[in-house]
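take a look and give me a structure for this.
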Amino acid sequence: MGIPWNYGPRQFDVEAGKSSLVQLNVPHRGTIRSLSLSAPGGGAGAFEIYSSENAARRAVAEDNGDEFSSSAGTEDFVPVASQLLNGTLVSGATLQGNLNVPYVNSDGSPTNAIQRLWMRLSPDGSGFLSFVLSMVIETPRL
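Sure, this is the predicted structure:
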């Protein structure tokens, strides 16, 4: 059994009607055990969490009809290969408990651990919407 690590609650605003990328500062490896995403003002849409920044950026660019430009100088990032989980935001909230989603940040290495995951959020509607994200991540014991 690992050590529980709590992320959030973290609030952020995104523009509805298009995909947005949100950086999640988390341990570089762990197991996502639960996730709560809510839109206090109501809202619906879809979200995915990725272990690679470039894969997430490519998914956002493709969804918005933009051209993808990799910061690493290569275009060989397949979003689905780095996708950890996905879900739907219905009636302003989604709650997923009893998860078992192990991850290791794909951008780092054993000597350069990158402590991030990336979320693509695609809310329906128009204007700016506020969202609140909380997660419980189990980190490995040393």
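
count the residues that sit near Y103.
20 (other CB atoms under 10 Å). C-beta: built from backbone N, CA, C; applies to glycine.

so it, which state does it fall into?
Under DSSP: H, G, I helix; E, B strand; the rest coil, Y103 falls in the strand class.

list the contacts for it?
By CB atoms under 8 Å, 6 or more residues apart in numbering, the residues touching Y103 are R29, G30, T31, I32, S51, L84, L117.

quick one: it from E48, how far?
To E48, Y103 is 13 Å away according to CB to CB, to the nearest Å.

returning to what we had before: can I get the buried part of the contacts of Y103 as one PyMOL selection?
A single PyMOL command selects the buried members of these (16 or more other CB atoms under 10 Å):
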select buried, resi 29+30+32+51+84+117
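
could the contacts of Y103 go into JSON lines alongside pLDDT?
Shown next, in JSON lines, are the contacts of Y103 (pLDDT from 0 to 100):
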{"residue": "R29", "pLDDT": "93"}
{"residue": "G30", "pLDDT": "95"}
{"residue": "T31", "pLDDT": "96"}
{"residue": "I32", "pLDDT": "95"}
{"residue": "S51", "pLDDT": "93"}
{"residue": "L84", "pLDDT": "91"}
{"residue": "L117", "pLDDT": "95"}
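
this structure: helices as residue ranges?
Using DSSP state H, the helices found in the chain span residues 53-64, 79-82.

of those helices, which stretch is the most buried?
Compared across the helices of the chain, helix 53-64 shows the largest average neighbour count, a mean of 20 (mean count of other CB atoms under 10 Å).
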